[in-house]
Every structure is written in C-alpha cells, then in structure tokens.
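Participant: Starting from these lines, generate the structure:
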Amino acid sequence: MLNVGTRWSMLIAPLRRPIFADLLRSKRERTKPAHKAELQQWENEGGNVAPPPDAADTRVTTDSA
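Facilitator: You can find the predicted model right below:
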C-alpha cells in the first residue's frame, strides 16, 4: 500500500522537469537585459569585447625583442 507522500510524489514527478525548465527560462529572461545593459555601459567606457576564438592572432607589441 502506498502512503500519502509516495502518492503525491508520483503525481508531481512528471511535472518537475517542465517546471524546472520554466524557472530557468524566466531567470534567463530576467538577467539577459541587465547583462546587456552592463555590457553596453562597459563598451561606452572604452572596453572591448574579446575576439572570437577563431579570429586571427594579431597581437601588437611595443617591445623590441
């Protein structure tokens, strides 16, 4: 015979994954505009975003080696 806790867990188990995915999605949607605003502010101050990893290596050195 199943106890009440086991019955509830069997009813709720199929709903856990969609609920968790929805929580992650809503968190991502909340943090994305804030991150975008911070990045825009940083770029306006003169910062540069790192180049993609496949970009050619164009290091400039001021030292004579």
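
Participant: Quick check: phi and psi on the residue nearest the centre of the chain?
Facilitator: Nearest residue to the geometric centre of the chain (C-alpha atoms, centre = their mean): residue 28, 6.2 Å. Main-chain dihedrals, residue 28, degrees, to the nearest 10: phi -60, psi -40.

Participant: Using the three-state scheme, assign residue 54.
Facilitator: coil (DSSP: H, G, I helix; E, B strand; the rest coil).

Participant: quick revisit: any idea how far the residue nearest to the centre of the chain is from residue 37?
Facilitator: 15 Å (C-beta to C-beta, to the nearest Å). (C-beta placed from N, C-alpha, C; glycine too.)

Participant: Dump stretch 40-48 to CSV, restricted to CA.
Facilitator: Extracted C-alpha coordinates of stretch 40-48, given in CSV (Å, rounded to 0.1, in the frame of the first residue of the first chain):
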residue,chain,number,x,y,z
GLN,A,40,26.7,48.4,-23.3
GLN,A,41,27.8,50.7,-20.5
TRP,A,42,31.2,48.9,-20.4
GLU,A,43,31.7,49.3,-24.2
ASN,A,44,30.7,53.0,-23.9
GLU,A,45,33.6,53.4,-21.4
GLY,A,46,36.1,52.2,-24.0
GLY,A,47,36.1,48.5,-23.2
ASN,A,48,36.4,45.9,-26.0
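
Participant: Lovely, talk soon.
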